[in-house]
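Engineer: Please work out how this folds:
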Amino acid sequence: TTSTSFATNSTEDTLEKGFLTDWLLRQFNPTGKVADNHIILIPFPFTDLKGSKNRPALVLITSQLDTTVAFLSTQFKWRDPFDIFINPSEENGLKKDSLLRTTKIATIEKSLVIGKLGNLSNEKLNELDLNLKSAFQLQ
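Structural biologist: Numbers count the residues shown, from 1 in each chain. Predicted coordinates:
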C-alpha cells in the first residue's frame, strides 16, 4: 500500500489510498482536504469495537486532527426513524441504495481517511440537519 501526503489546514496528513488510485483521488478531492458534506471511505469500527470494515461515511465536523463522521449502510433491517435514505448518484459516489445512520457517529483521526467518494446533496443536508436536531433533542 502506498501513501500520499495531502496538505490540510497547513498540516500534512497522510491518507492511505488502499485500492483507490492517484487519479481517482485527484478527480474527487484535488486538495486532499476533508470537509463537511464529503462522503469519504474509512475503516469504520464495529459497535462491539472488535474490528472494522472499510465503509462510506459522511463528514459531519472536521478539526485540525480529527473528523467526526456518520456511518452509511446498505443494510436496511436496522433502520431507525432518524436515518436518511440516499440513492446512489454521480454526485455522492455511492454504488448502492444506502442509509445515512445519523445516530451511528464516530470521531476518527484524519489519517484514517482512505479517500473521498462524493458529496451529499443540499436536499439531503437539510434533511440531515432536521434529523440530527430531532435525534439529539435539540429542538
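
Engineer: Pull out the buried residues from the longest helix along the chain.
Structural biologist: Longest helix in the chain, counting residues (DSSP state H): helix 122-135. In terms of neighbour count (16 or more other C-beta atoms under 10 Å), helix 122-135 has its buried residues at Lys124, Glu127, Leu128, Asn131, Leu132. Where you see a C-beta, it was placed from the backbone N, CA and C, and this is true even at glycine.

Engineer: can you check stretch 62-79 too?
Structural biologist: Using 16+ other C-beta under 10 Å as the test for burial, stretch 62-79 gives Thr62, Thr67, Thr68, Val69, Ala70, Phe71, Leu72, Ser73.

Engineer: what does the model give Pro30 for pLDDT?
Structural biologist: Note on Pro30: pLDDT of 42.

Engineer: now Trp23
Structural biologist: For Trp23, the model assigns a pLDDT of 37.

Engineer: Tell me how far Leu125 lies from Phe46.
Structural biologist: 27 Å (C-beta to C-beta, to the nearest Å).

Engineer: Thr103 now?
Structural biologist: Per C-beta to C-beta, Thr103 is found 16 Å from Phe46.

Engineer: the more surrounded of these two?
Structural biologist: Higher neighbour count among Thr103 and Phe46: Thr103, with 14 against 9, using other C-beta atoms under 10 Å.

Engineer: What residues does that one make contact with?
Structural biologist: Thr103 sits next to Asp80, Phe82, Ala135 when contact means C-beta atoms under 8 Å, 6 or more residues apart in numbering.

Engineer: May I see the buried residues of stretch 62-79 organised as CSV, with distance to Val113 and pLDDT added?
Structural biologist: Formatted as CSV, these follow (distance: C-beta to C-beta, whole Å; pLDDT from 0 to 100):
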residue, distance to Val113, pLDDT
Thr62, 10, 88
Thr67, 7, 90
Thr68, 12, 92
Val69, 9, 93
Ala70, 14, 94
Phe71, 14, 91
Leu72, 14, 95
Ser73, 18, 94
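
Engineer: Thank you kindly, that will do.
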